[in-house]
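J.: What follows is a predicted structure for the sequence shown.
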Amino acid sequence: MPDTSDTKDSIKKRMKELETLIKETKERLPAHSTKPPVMMELFEYEDEYDVLQKKLKLFKNNES
């Protein structure tokens, strides 16, 4: 059962924000010699996005 503090709309909204942050972070990556702090930031955004995607899937499965 999904966490009731998360609503479908808030999850979708945060996922949109993360999509933008991921895109902007990828654009900041240099072609060579990537900076570890930028990569860590990118990984954190992608990890959070994955977690939200799973929560959203749980909502959809529980509606069926």
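T.: Done, it's in.
J.: hey, where'd the helices end up in the protein?
T.: Taking DSSP state H to define them, one finds helices in the chain at 8-28, 36-63.
J.: got JSON lines for the ones you listed, with mean pLDDT and mean neighbour count too?
T.: Glycine gets a C-beta too; all of them are placed from N, C-alpha and C. Formatted as JSON lines, the helices of the chain follow (pLDDT from 0 to 100; neighbours: other Cβ atoms under 10 Å):
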{"stretch": "helix 8-28", "mean pLDDT": "95", "mean neighbour count": "13"}
{"stretch": "helix 36-63", "mean pLDDT": "93", "mean neighbour count": "13"}
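J.: How about the residue nearest to the spatial centre of the chain, nearest residue that isn't a chain neighbour?
T.: Compute the mean C-alpha point of the chain, and by Cα atoms, centre = their mean the closest residue is Tyr49, 1.8 Å away. In space, and not counting its chain neighbours, Tyr49 is closest to Leu18: 4.5 Å by Cβ to Cβ, 6 or more residues apart in numbering.
J.: ok, the one you found - contacts?
T.: 45, 48-49, 52 (Cβ atoms under 8 Å, 6 or more residues apart in numbering).
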